[in-house]
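Asker: with the input below, show me the fold.
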Amino acid sequence: MSSAVDDDVARTVAQGRASLGVLLRNAQKHLQKVFIVFLLGFLGTFMALRLYIWDILKRDLNAHPDIVVVAITPFEVILLQAKIGLAAGVIIMLPALAYFSRNSLKARGYWPQNIPRWKAVSFVIASATLFVGGIAYAYYLFFPIMFSFLAGNAVNAGFQPTYSISMWAQFIFLLAFSFGLAAQLPLFMGTLSYSEIVRYETFRDKWKYAVIGIFAFGALFSPPDPFTQIMWGVPLVTLYGVSLYISKIVVTAKRSSDAIDLKGTARARWNILAGLFVVGAAAVYAFYTYGGYLAVNDALAAVDSSYRFLPPGEGYGIAETIYLGIAGAIYGAVFAAAGFGYLVYSGLQSTDDGYALIADDPEDIDLQELDAASIRAAPDAVFEDLDEDRAVALAGQAMEADEHGRAQAILDRFDQAQEAAEASDADADRDVDDDAADDAAGDGAATAAAAGDEAESSFLASRGAGVLDAFSEDDIDEDDVGGYAYDIAFVVDSITSKSFYLFGVFAGIMAATFFLLYRGGIGVLHEQFVSRMPSQFTAEQVSIVTLHPVEALIFMVKVSVVLGVAAVLPLLLYFAWPSLKTRGLARGDRRVLLVWGGTLVTALGIGSYLGFFHVAPAVISWLAADVLTAGREGMVIAYRINNYGWMVFFLTVGIGILAMIPATMLLFYRGGIVPYLTMRTRWREFVVLVFGLAAVFSPRGIFTMFLLGIPVVFAYGVGLGLLWMLTLDGRRERRQVEPAD
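Answerer: Sure thing, here's the model as predicted:
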């Protein structure tokens with residue numbers, strides 16, 4: 001077993017244990033101090049939540065008047081406050097623990113060395129400022145708009161936004177924390193670029209993937225309306241652009257550190273800096289003197305915002321002229337500082353353009369640090385001393401980093417250097433011979449040189465091609481990756497041209513379903529159901545609530561996806577049928593699939609009709625009336641949408657799905673897709689599969705597993721019974737004939 005763990009891994013684990021042991025031993029020595037810090041953080045957070053924070057959060061974030069925050073268990077609030085207090089206490093305790101352990105960590109080499117204190121303090125301040133800025137953006141702008149949308153969406157759909165305080169608080173804190181971490185992007189990218197853990201060029205070249213990732217993350221963790229998506233994505237994309245520019249600045253400053261002359265730049269451009277200071281101060285003066293803040297207040301009022309710019313000095317209790325002087329000086333300094341940074345960076349950029357070429361000795365130039373343009377501009381001496389194996393290795397590293405341009409530039413420059421060396425050798429040989437011999441041998445030498453160059457170039461080109469082929473997939477054989485994987489790839493490739501139609505059907509059904517639910521589809525069903533309760537009860541006594549802010553939204557998306565998949569599945573199988581038959585994975589007439597799709601829609605429609613007008617109203621009204629009859633007078637029932645909605649789904653659309661099971665079995669038998677004997681002999685596998693899926697996808701417990709699984713198995717049994725009568729227990733089994741598609 002010891003050989004199963006690599007030595008480096010074992011060594012890393014041992015070092016981690018040792019470091020953790022150091023922290024724990026120092027915690028024992030300073031246990032009282034560390035515990036006091038933890039206790040202060042815990043009690044302070046606990047009391048602040050109880051006395052101030054809950055009221056502030058509900059006032060600032062619950063912009064919609066229908067939002068109600070409730071506690072669904074007796075100890076929910078106090079346990080939530082304790083959890084948040086514990087987390088805050090641990091976070092506050094960690095810096096103190098690290099401080100008391102600094103000597104031991106220094107001895108083991110885990111404490112930063114030779115870093116000026118001002119740099120460390122600046123890093124901490126910058127990180128904290130960015131984190132607070134991200135949380136402030138989420139709190140003051142994103143959360144109010146988002147909660148207003150979510151609550152309005154729930155009300156329009158017929159639900160009551162009654163949030164559980166634990167789910168509501170966890171949603172707020174986790175999303176705010178994610179915004180705070182996202183705001184660390186400039187510091188994160190700048191640090192990685194400066195340390196060259198991730199090169200600046202990688203961030204620059206892969207910006208498209210970053211934008212896609214930002215909006216994909218926003219689509220998963222924020223409401224799907226376009227405005228909220230823009231509020232999530234645009235600031236983060238802008239932040240990525242700012243981070244990219246900051247990374248470029250720090251990388252340029254590192255590469256050109258010897259060329260930085262702050263004092264010289266300030267002396268040479270003092271007039272520009274002074275002009276920027278005056279512009280900043282004048283902008284503040286003009287903004288307040290010529291009615292700029294009044295125009296901004298009118299614009300804020302037009303969008304129903306409560307924020308306003310106060311007249312100069314009014315909010316601080318100072319005179320107008322003093323306020324304008326202080327504000328003008330601050331903004332003037334900001335303008336001058338921004339201009340100074342730009343001037344310094346401009347000087348560094350001109351130096352960085354020739355960064356790798358300033359070395360006097362070609363051996364000081366590292367080709368791994370150069371981009372494609374710098375490689376092509378590098379001196380010939382760098383490549384004259386380069387051997388063939390090293391050139392191919394550098395090209396291979398560039399290919400692994402997905403930098404094809406750099407790899408090609410390295411190979412081209414190496415070929416040019418070799419050609420120049422061969423030509424120089426040929427010229428030296430010609431100088432040794434006499435004029436006549438030189439004339440006679442010149443052609444032969446040139447021919448030989450050309451042949452040698454061609455052979456050398458061909459050999460190197462073949463080596464370079466080998467590097468490129470190592471990353472290609474043209475020679476992959478199905479035996480190398482497994483037959484099933486190759487079959488899947490073959491089928492997927494065959495339906496690629498039809499993906500537009502498949503996506504159109506899926507998106508259309510999903511959008512239509514979501515729109516119907518969003519416009520109150522569940523609410524209409526609910527009113528229909530509870531209207532059949534006994535007359536002594538009122539419909540207002542039964543309501544649908546959402547305990548989580550995004551619960552209603554997620555439910556509507558799930559139902560829409562289920563119906564979209566059900567609609568596109570027959571079409572997908574129809575398009576994939578020829579390739580499935582080619583690979584020996586299917587048989588029979590694929591036209592049956594079109595009939596199956598039509599039957600699926602018909603069965604869902606008829607089943608939904610029966611469920612809507614007969615099954616669901618009777619079941620739900622009986623359940624609600626039973627609870628109200630057993631309870632006290634004035635009892636109110638609040639069904640959670642995640643449970644109530646799926647019950648409605650199974651009692652309406654689910655009836656159609658059950659009816660579709662025997663219909664599918666009959667169609668697949670008639671089309672020669674699945675024989676009757678296969679369905680009969682494989683019933684055990686089907687039952688196990690059904691109960692396994694029911695155990696995974698049912699809400700909770702064994703009871704719901706049987707509640708979902710038994711009707712499906714019963715429908716399968718009905719289908720087998722119909723096929724038994726049709727085939728006389730297989731004695732009239734139809735011969736398999738392959739019709740033309």
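Asker: quick check: the residue nearest the centre of the chain vs residue 233, distance?
Answerer: Closest to where the C-alpha atoms of the chain average out (CA atoms, centre = their mean) is residue 217, at 3.4 Å. Going from residue 217 to residue 233 by CB to CB, to the nearest Å gives 9 Å. Heads up, the C-betas are built off the backbone N, CA and C, glycines and all.
Asker: same question, residue 54
Answerer: In terms of CB to CB, residue 54 sits 31 Å off from residue 233.
Asker: ranges for the helices of the stretch 601-741 of the chain?
Answerer: Taking DSSP state H, counting those that start in this stretch as the criterion, the stretch 601-741 of the chain carries its helices at 616-630, 641-670, 676-681, 683-697, 701-727.
Asker: so which of those is nearest residue 544?
Answerer: Minimum separation from residue 544 across these (CB to CB) falls at helix 641-670, 5.4 Å.
Asker: now the closest one: mean pLDDT?
Answerer: Taken as a whole, helix 641-670 has an average pLDDT of 79.
Asker: tell me which residues in that helix are buried?
Answerer: By neighbour count on 16 or more other CB atoms under 10 Å, the buried set for helix 641-670 is 641-642, 644-665, 667-669.
Asker: mind giving me the packing neighbours of that helix?
Answerer: Where contact means 3 or more CB pairs under 8 Å, 6 or more residues apart in numbering; DSSP states H and E, helix 641-670 is packed against helix 521-530, strand 542-545, helix 551-582, helix 591-610, helix 616-630, helix 676-681, helix 701-727.
Asker: after the strand or helix carrying residue 252, next one along is what?
Answerer: Assigned by DSSP states H and E, residue 252 belongs to helix 226-255. Going down the chain from helix 226-255, the next helix or strand is helix 262-268, by DSSP H and E.
Asker: mind listing what's buried in that following helix?
Answerer: residue 265.
Asker: ok, stretch 487-497 next?
Answerer: Here stretch 487-497 shows 487, 490-491, 494-495 as buried, counting by 16+ other CB under 10 Å.
Asker: which residues does stretch 706-719 contact?
Answerer: With contact meaning CB atoms under 8 Å, 6 or more residues apart in numbering, stretch 706-719 is reached by 650, 654, 658-659, 661-666, 679, 683, 686-687, 690-691, 694, 697-698.
Asker: how about stretch 512-529?
Answerer: With contacts defined as CB under 8 Å, 6+ apart, stretch 512-529 is touched by 153, 156-159, 539, 542, 544, 556-557, 559-560, 563-564, 612, 616-617, 620-621, 641, 644-645, 648, 652.
Asker: same question, stretch 171-184
Answerer: The contact list for stretch 171-184 (CB under 8 Å, 6+ apart) reads 57, 61, 84, 127, 130-135, 137-139, 142-143, 221, 236, 239, 548-550.
Asker: let's see it at 7 Å
Answerer: Contacts to stretch 171-184, defined as CB atoms under 7 Å, 6 or more residues apart in numbering, come from residues 57, 61, 127, 130-131, 133-135, 137-139, 143, 236, 548-549.
Asker: identify the farthest-apart pair in those residues.
Answerer: Distance extremes for the contacts of stretch 171-184: the farthest pair is 127 and 548 at 31.2 Å, using CB to CB.
Asker: for those two, indicate the residue with more neighbours.
Answerer: Taking other CB atoms under 10 Å, residue 127 and residue 548 do not tie; residue 548 has more neighbours (20 against 16).
Asker: any idea how far that one lies from residue 404?
Answerer: 47 Å.
Asker: could the helices of the stretch 601-741 of the chain go into CSV alongside distance to residue 421?
Answerer: Formatted as CSV, the helices of the stretch 601-741 of the chain follow (distance: least, CB to CB, whole Å):
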stretch, distance to residue 421
helix 616-630, 86
helix 641-670, 73
helix 676-681, 73
helix 683-697, 68
helix 701-727, 77
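Asker: got the buried residues for stretch 672-682?
Answerer: The neighbour-count check on stretch 672-682 (16+ other CB under 10 Å) flags 672-676, 679 as buried.
Asker: what is the nearest of these to residue 511?
Answerer: Nearest to residue 511, judged by CB to CB, of the buried residues of stretch 672-682 is residue 673 at 31.2 Å.
Asker: per-residue pLDDT, that closest one?
Answerer: At residue 673, the model reports a pLDDT of 80.
Asker: look up phi and psi at it.
Answerer: Reported as degrees, to the nearest 10, the phi and psi values for residue 673 are phi -80, psi -50.
Asker: for it, give its distance to residue 721.
Answerer: Here the distance between residue 673 and residue 721 works out to 20 Å (CB to CB).
Asker: cool, residue 375 as well?
Answerer: For residue 375 relative to residue 721 (CB to CB), the value is 76 Å.
Asker: these two: which has the busier surroundings?
Answerer: residue 375 (23 against 11).
Asker: the more buried one should be in a helix, yeah?
Answerer: Yes: looking at residue 375 with DSSP: H, G, I helix; E, B strand; the rest coil, it is inside a helix.
Asker: nearest spatial neighbour of it, skipping sequence neighbours?
Answerer: Nearest in space to residue 375, with sequence neighbours left out and distances taken as CB to CB, 6 or more residues apart in numbering, is residue 409 at 4.2 Å.
Asker: from the chain's centroid, how far away is whichever strand or helix holds residue 514?
Answerer: Element membership for residue 514, per DSSP H and E: helix 499-518. Computed by CA atoms, centre = their mean, to the nearest Å, the chain-centroid distance of helix 499-518 equals 23 Å.
Asker: so for that helix, what's the average pLDDT?
Answerer: Helix 499-518 comes out at a mean pLDDT of 85.
Asker: flag every buried residue along it.
Answerer: Neighbour-count burial for helix 499-518 flags 502, 505-506, 509-510, 513-514, 516-518 (criterion: 16+ other CB under 10 Å).
Asker: so where's the stretch 351-500 of the chain uncertain?
Answerer: The model of the stretch 351-500 of the chain has pLDDT under 70 over residues 351-369, 371, 373, 377, 424-485.
Asker: I should have written the stretch 201-350 of the chain there, sorry.
Answerer: Applying pLDDT under 70 to the stretch 201-350 of the chain flags the ranges 218-232, 253, 255-262, 303-306, 315, 345, 347-350.
Asker: count the neighbours of residue 410 for me.
Answerer: When counting by other CB under 10 Å, one arrives at 30 neighbours for residue 410.
Asker: Three-state assignment for it, please.
Answerer: Taking three-state DSSP, the label given to residue 410 is helix.
Asker: how about the contacts made by it?
Answerer: 367, 375, 391, 394-395, 398.
Asker: now do residue 254
Answerer: residue 194.
Asker: how near is it to residue 200?
Answerer: 10 Å.
Asker: dump the residue contacts of the residue nearest to residue 375.
Answerer: 372, 375-376.
Asker: any idea how far the helix holding residue 252 is from the chain center?
Answerer: The answer for helix 226-255 is 16 Å, by CA atoms, centre = their mean.
Asker: swap in stretch 62-79?
Answerer: 30 Å.
Asker: quick check: end-to-end length of that stretch?
Answerer: 22 Å (CA to CA, to the nearest Å).
Asker: got a list of contacts for that stretch?
Answerer: By CB under 7 Å, 6+ apart, stretch 62-79 touches 58, 144, 147-148, 151-152, 155, 161-166, 168, 547.
Asker: at 6 Å what do you get?
Answerer: Stretch 62-79 is touched from outside by 58, 144, 147-148, 151, 155, 161-166, 168, with contacts defined as CB atoms under 6 Å, 6 or more residues apart in numbering.
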